[in-house]
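Okay, predicted coordinates and the sequence, questions at the end:
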Amino acid sequence: MSCLRCGCGLGGVAAGVGIFGTVAVKELTKASTVAAIAAAQEAAAAKGAVAGAEAGIKTVISGLQKLDISTLNGQTLVSYFDTTDYTNFKTIAHAINTQYDPSPCVLGRSGASESFCSWVRANFFAPQEISGKVSSTYESIEIGVTSIVSDAKKAAAAA
């Protein structure tokens with residue numbers, strides 16, 4: 001058998017260092033574990049936000065394509081939404097109003113596609129059924145885009 005009392009011969013210094021060393025290592029381990037968990041949670045949240053934004057953009061693009069809207073501000077929809085927030089319904093509505101003049105849709109003139117005109121008319125005439133409510137073609141586009149953006153937000157939250 002061997003003697004295990006070496007710490008006693010050194011005046012208790014080795015025993016003290018051993019105790020404090022163990023405490024320090026455990027605290028450093030806890031701190032690094034907490035930091036690693038926080039970093040992983042941030043990375044997961046960022047990944048979820050990106051996936052949600054992609055789902056939202058796809059939903060908006062799909063909704064606009066159903067109305068025969070294929071470009072905005074002279075860009076493909078994908079390019080347009082690379083630089084435009086897909087939840088900003090006012091900006092999207094303004095771009096649609098500027099590029100796809102909705103006036104012929106309610107005045108019975110030709111110009112825009114039937115899908116687009118049906119959508120504009122549905123959103124233009126419905127508010128007028130409310131007593132005292134006046135609507136414009138721009139408001140009809142804004143109402144329709146608000147609905148598309150609402151669906152996109154739901155898709156983003158589900159992703």
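Nice, I can see it. Since the model is a prediction, treat every value here as computed from it, not as a measurement.

what's the spacing between the lengthiest helix in the chain and its chain's center?
Longest helix in the chain, counting residues (DSSP state H): helix 13-65. Centroid separation for helix 13-65 versus its chain: 21 Å, with CA atoms, centre = their mean, to the nearest Å.

which strands and helices sit next to that helix?
Contact partners of helix 13-65 among helices and strands, from 3 or more CB pairs under 8 Å, 6 or more residues apart in numbering; DSSP states H and E: helix 6-9, helix 77-83, helix 137-158. Heads up, the C-betas are built off the backbone N, CA and C, glycines and all.

Buried deepest among the ones you listed, which one?
Across the helices and strands packed on helix 13-65, averaging neighbours per residue (mean count of other CB atoms under 10 Å) puts helix 137-158 on top, at a mean of 18.

circling back to that earlier point, next secondary structure element downstream of the longest helix of the chain?
strand 71-72 (DSSP states H and E).

just checking, what packs against that following strand?
Short answer (3+ CB pairs under 8 Å, 6+ apart): strand 71-72 packs on helix 77-83, helix 89-99.

Please tell me I have it right and residue 124 contacts residue 142.
No - using CB atoms under 8 Å, residue 124 is not in contact with residue 142; the gap is 10.9 Å.

pLDDT weak spots in the chain?
Applying pLDDT under 70 to the chain flags the ranges 1-24, 110-111, 126-135.

tell me, how many neighbours does residue 28 end up with?
Using other CB atoms under 10 Å, residue 28 has 10 other residues around it.

Mind putting the helices and strands packed on strand 71-72 into JSON lines with distance to residue 27?
Listed next are the helices and strands packed on strand 71-72 as JSON lines, based on distance: least, CB to CB, whole Å:
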{"stretch": "helix 77-83", "distance to residue 27": "46"}
{"stretch": "helix 89-99", "distance to residue 27": "51"}
